[in-house]
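Asker: With the sequence up front, the predicted model follows.
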Amino acid sequence: MTKRGELRIYLGAAPGVGKTYAMLGEARRRADRGTDVVVGLVETHGRPRTAALIEGLEVLPLRRLTHRGVTLTELDVDTVIARRPQVVAIDELAHTNVPCSRNPKRWQDVEEILDAGITVLTTLNVQHLESLNDVIERITGVRQQETVPDEVVRRAEQVELVDITPEALRRRLAHGNVYAPEKIDAAMANYFQPRNLTALREMALLWVADQVEVALQRYRTDPADIWETRERVVVALTGGPESETVLRRAARIAKRSGSAELFAVHILRGDGLAGAPVGLLAALRRLAEDVGASFHTVVGDDVPAALLDFARGADATQLVVGTSRRSRAARVFAEGIGARVVQQSGPIDVHLVTHLEAGRGLRLPRRLSAVPVTRRVAGWALGIILPVAATIIGIVGRDLVGLSTDFILFLLATVVTALVGGLGPALLAALGGSLLLNFFLTPPLYTFTISERDNLIALIAMVVVAVLVALVVDRAARRARQAAEAGAEAALLASFSRTVLTRPEPLPRLLDKVREAFSLDTVALLARHEGRWDLTACSGPPDCARPEHADVDVAIEPDVHLVGRGRTLHARDRRLLEAVGGQALIALRNQQFAADAAKANRRADATELRSALLSAVGHDLRTPLASIKAAAGSLSDPLLPLTEPDRIELAATIEESTDRLTAVVDNLLDSSRIATGAVTPDLRPVAYDDVAWLALSGLDPHLRPVDRVHVDIDEHVPEVLADPGLLERVLANLLDNALRHAGEVPVVLRASAHANGVELRVVDNGPGVPADRAELLFAPFQRLGDRDPAGLGLGLSVARGFTEAMGGSLSAEDTPGGGLTMVVRLPVATVDAGIAP
């Protein structure tokens, strides 16, 4: 049987990271070492450096297929198998073959070649993994149609990650090393955005890291072996009073170990009869999260074995347990969990942490019965009826059954009574049954004298069994009741928390829920101001104006009370209401903070706008007015000798200053219209190239060098739905801004369609702006260090307002190589697009 070939996959986060280049580099290295290497199929995508690596390697012919009148080429599997090289390089593992091909997918072709005993070098992008398909779609907005089953990739002998940073990949794309020039802008604006590339890179790194962990586990032949590839600390929590001390000590140990993982584990007995209180475990879970530990609950009858099994499964290197709470006398009979863990831990280091509870022994608290009243009543009845019934059966069947059977009947009656009614009825059944059994069925009959020692022992055993079973039933009932109560409380608190976290104004709805949950007529939140109580919020009739008028009063703070009327609450319900009071206080504080913040923001915005407006308008009105006045004064002065060219120049100054004043007033009016929502666009199909030339013709060539603007818009780009006049104003403002900052470098206009929109990009290679200040460009009266004092800083603000009014968007991006790119995105004009109202 032919040995299966090896599969080596070069995995990348996105196209262009260098997977094919790395694959061909490995192919050349193997060929140089004398290995028989051929190229089955490689897509160079026009990249000369990739194509250069193929030179000198044998390239197998491709299979030509005709589909719908078009001749296409695919990998020729038969030629590869017939040639039988040692290694074959096959690009793009996720590729979908032509419909009339031998296999639907290329990875199936590769499987056949591997089965023939040929080693395959191939490439794959992380977005083509089947398990990540839906995640990739949420990140990039594009659903991948070509996928490879994860199992195929996991079976590969080697998966090598080809990785570069998102910034380096975008530079490579901008330099034309990935796609053709006409595809660069669309790729940079969509799939190759930095956030997409960062997310894809993280997914590729994590996927490969997971495979390394799987490979490590595969090499571990014995599960009991601990491979200390990194520090992992497990801390055992009993739920007792020492648990917080032990957990904090373990956290300090983990912190001193560097980047150690910390696992907190609580062992539950398999029978469910022992365990920490629910409330204390919840507190430990919160404390574990606070110190950076993950909290786990494990079920096991043998606590040391369960703890060590968990530690070995987690590859723990250190185990932290508290010293035993048993007294010295108790440790004579059972050495304790810590000692057994030390003996059985093997290579795991064990830390025994001392605490104040050590050596104090275990004490059982006094508890009342947890069995419901109805069951206790039924138990008392059975405690009388069942022993009497057993006695009657024993007397009637005395000739048929012996004394041992009578003992079994009375023991069964005792156990049934204990299961139903708990300890009290069980003791009644045991004592009454023992007396009846002694008097009526135990020789000598009809006396309370016991002639044989075995019968005495049996009677005592029956009482002991009754007590033990009753204790088990009582504890199980108490656990069930605590679980039900804890579940109900947790559900209520979760509902209240959801209200506080998800609603913009949660306080009224929170009080409504509290009133419904506790069956109160009125629930209100009172706050005291200057000695007087004010009703902050209320659910129900507002008849609870002061805390002393309420049936329920919970003091959240000295001056904030949660009150209710309708009934008096149980102490347990009051504790829950106190927790709700904390949530109500948070909701109240958040509401007050939001109101104060909104008020402060409005005041700050108004002040900033007023200051900016006075500063900008004062300068931009004063400068042209001064120019107009000086030019007009010179023209009207009869004593000032002026030549004809001088008069023409002064008239031109007046005209230019008037235009500047008009532009200032227009921008102010436009900004006001946008702020008040008074812009009503007249939407219709518009071509970007037509509007671009109109916007250029409207710019003053004396002020802006419009000859440096290159319009590179394909006439086949779809029309957009826009208002021609507003779009012209938008482009004029963007071009004016780009020409002002670009220096002597040309400004380029490009357009590209994507999905249901068309993007127009105004690209300059000027100084650009920092990424964290890009949004400030669109704020009114912002110049961001503009040295040109002309203008109010309203141009980009007006441009964005007009674009959004037309249903589009305007954003700023970095130009690769330096500079700023303004991106106008508007929806595609469909055939049935009508005129906007």
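Answerer: Thanks, I have the structure now.
Asker: Wait, a strand at Arg64?
Answerer: Yes - checked against DSSP: H, G, I helix; E, B strand; the rest coil, Arg64 lies within a strand.
Asker: Helix or strand: which one has the residue nearest to Ile393 when sequence neighbours are not counted?
Answerer: In this structure, Ile393 finds its nearest non-sequential neighbour in Leu409, 6.2 Å apart by C-beta to C-beta, 6 or more residues apart in numbering. The C-beta positions use only the backbone N, C-alpha and C, and glycine is treated the same way. Using DSSP states H and E, Leu409 falls within helix 403-421.
Asker: Tell me what angle the following helix or strand past that helix forms with helix 403-421.
Answerer: Scanning forward in sequence from helix 403-421 by DSSP H and E, the next helix or strand is helix 423-436. Counting by axes from the mean of the first three to the mean of the last three C-alpha atoms, to 10 degrees, helix 423-436 points 160 degrees away from the direction of helix 403-421.
Asker: Going by neighbour count, which residues of stretch 232-252 are buried?
Answerer: 232-239, 242-243, 246-247, 249-251 (16 or more other C-beta atoms under 10 Å).
Asker: Closest one to Val77 out of those, please.
Answerer: Within the buried residues of stretch 232-252, proximity to Val77 (C-beta to C-beta) peaks at Arg232, which comes in at 46.8 Å.
Asker: My guess is Val135 contacts Leu200. True?
Answerer: No - using C-beta atoms under 8 Å, Val135 is not in contact with Leu200, being 9.9 Å away.
Asker: Have a look at those two and say which one is more surrounded.
Answerer: Leu200 (26 against 14; other C-beta atoms under 10 Å).
Asker: in what helix or strand does that one lie?
Answerer: Judged by DSSP H and E, Leu200 forms part of helix 194-219.
Asker: Would you mind listing the buried residues in that helix?
Answerer: For helix 194-219, by 16+ other C-beta under 10 Å, it's 194, 196-197, 199-201, 203-204, 207-208, 211.
Asker: With distance to Val87 as extra columns, can I get these in TSV?
Answerer: Output for the buried residues of helix 194-219, formatted as TSV (distance: C-beta to C-beta, whole Å):
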residue	distance to Val87
Pro194	37
Asn196	34
Leu197	31
Ala199	34
Leu200	29
Arg201	29
Met203	29
Ala204	24
Trp207	25
Val208	22
Gln211	22
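Asker: Surely Glu759 forms part of a strand?
Answerer: Yes - judged by three-state DSSP, Glu759 forms part of a strand.
Asker: Per-residue pLDDT of it, please?
Answerer: With respect to pLDDT, Glu759 scores 91.
Asker: what sits against it?
Answerer: 185-186, 189, 751-753, 823-825 (C-beta atoms under 8 Å, 6 or more residues apart in numbering).
Asker: Could I get those residues in JSON lines, plus columns for neighbour count?
Answerer: JSON lines is the format used below for these (neighbours: other C-beta atoms under 10 Å):
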{"residue": "Asp185", "neighbour count": "22"}
{"residue": "Ala186", "neighbour count": "18"}
{"residue": "Ala189", "neighbour count": "18"}
{"residue": "Ala751", "neighbour count": "22"}
{"residue": "Ser752", "neighbour count": "20"}
{"residue": "Ala753", "neighbour count": "15"}
{"residue": "Val823", "neighbour count": "17"}
{"residue": "Val824", "neighbour count": "26"}
{"residue": "Arg825", "neighbour count": "18"}
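Asker: Low-confidence regions, the stretch 51-200 of the chain specifically.
Answerer: The stretch 51-200 of the chain contains no residues with pLDDT under 70.
Asker: Sort out which of the contacts of Glu759 are in strands and list them.
Answerer: Counting by DSSP state E, the part of the contacts of Glu759 found in strands is 751-753, 823-825.
Asker: Between those, which sits nearest Leu382?
Answerer: Arg825 (79.5 Å).
Asker: what about the closest one, distance to Ala753?
Answerer: From Arg825 across to Ala753, the span is 11 Å (C-beta to C-beta, to the nearest Å).
Asker: Mind checking which of the buried residues of stretch 232-252 land in strands?
Answerer: Counting by DSSP E, the buried residues of stretch 232-252 contribute 232-236 to strands.
Asker: Now flag whichever of these is closest to Ala480.
Answerer: Ala236 (26.3 Å).
Asker: which ones are touching that closest one?
Answerer: Contacts of Ala236 by C-beta under 8 Å, 6+ apart are 246, 265-267, 307, 319-322, 337, 341.
Asker: Roughly how far does it sit from Ala651?
Answerer: 94 Å.
Asker: cool, Val472 as well?
Answerer: In terms of C-beta to C-beta, Val472 sits 109 Å off from Ala651.
Asker: Repeat that for Glu242.
Answerer: 95 Å.
Asker: Tell me where the stretch 251-400 of the chain has strands.
Answerer: 261-268, 294-299, 318-322, 349-353 (DSSP state E, counting those that start in this stretch).
Asker: So which other helices or strands are in contact with the last one?
Answerer: This means strand 349-353. helix 243-256, strand 318-322, helix 337-344 (3 or more C-beta pairs under 8 Å, 6 or more residues apart in numbering; DSSP states H and E).
Asker: what about it, average pLDDT?
Answerer: Strand 349-353 comes out at a mean pLDDT of 89.
Asker: quick one: strands adjacent to it?
Answerer: strand 318-322 (parallel) (DSSP bridges).
Asker: Residues contacting stretch 405-412, please?
Answerer: By C-beta under 8 Å, 6+ apart, stretch 405-412 touches 387, 390, 393-394, 433-434, 436-437, 441, 458, 462, 465.
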